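Novice: take a look and give me a structure for this.
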Amino acid sequence: MGVQARNPFENDDLLDVERDDAGEALDGDDGDDGVEEDEVELEPIELREVHHVAIAVADLDDALAEYRDTFGVTVDHRETVADEGVEVAILTVGGSRLQLMAPIDDDSWLVEFLDDQASGINHIGFTVDDCAAALDQLAARGYELVDEVPTPGPSGSLTAYVHPPDQPGTLIQLVQP
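Specialist: Residues are numbered from 1 along each chain as shown. Alright, predicted model coming up:
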């Protein structure tokens, strides 16, 4: 007998809705799920893959030497993203990508992150087909957008950052290759 996955949002206990055997709301339950009648239900944003996991480091050369010497990992791509004030290096580990990122000067937004916690996971990048459309959908859901419009990212991509729904948390980056 196999294990079946179940969407937790389909669990009536979580929704406080009692249903009969046919799945209809029982009398006395107005079926109020917290959604106003004039609200439009938004389709989920389709994430294609985890594009990368980004690790903030103080010194990119030192971090790359550590990954090379310890794990035998080499750099696939390296560039400065001047608009963000960071230099990034992308490493492939199996079928996954790590992005090591370091500030290029003391004015970089990444300096504050590193001052608060030193090296660590800064964000997770998800591949999307249309970065601008995904931003619009997240804004409609009440997410706090860091970037109102997509900006140029590494390897000619378009990217945008979004704060996760529960602060503090890992920053989300949308990536349109």
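
Novice: buried stuff in the longest helix along the chain?
Specialist: Determined from DSSP state H, the single longest helix within the chain is helix 60-71. Under the neighbour-count criterion of 16 or more other C-beta atoms under 10 Å, helix 60-71 has 60, 63-64, 67 buried. For glycine as for every other residue, the C-beta is placed from the backbone atoms N, C-alpha and C.

Novice: and the helix or strand following that helix, how far out from the chain middle?
Specialist: The first helix or strand that comes after helix 60-71 along the chain, using DSSP states H and E, is strand 75-81. Computed by C-alpha atoms, centre = their mean, to the nearest Å, the separation of strand 75-81 from the middle of its chain amounts to 20 Å.

Novice: partner strands of strand 75-81 and their direction?
Specialist: Strand pairing for strand 75-81, using DSSP bridges, gives strand 86-93 (antiparallel).

Novice: so for the strand it pairs with, what gets flagged as buried?
Specialist: In strand 86-93, counting by 16+ other C-beta under 10 Å, buried: 86-91.

Novice: which one of these is nearest Asp106?
Specialist: Val86 (12.6 Å; C-beta to C-beta).

Novice: report the contact partners of that closest one.
Specialist: Going by C-beta atoms under 8 Å, 6 or more residues apart in numbering, Val86 touches 80, 101-104, 108, 110.

Novice: among these, which are in strands?
Specialist: Of the contacts of Val86, the ones assigned to strands by DSSP state E are 80, 101-103.
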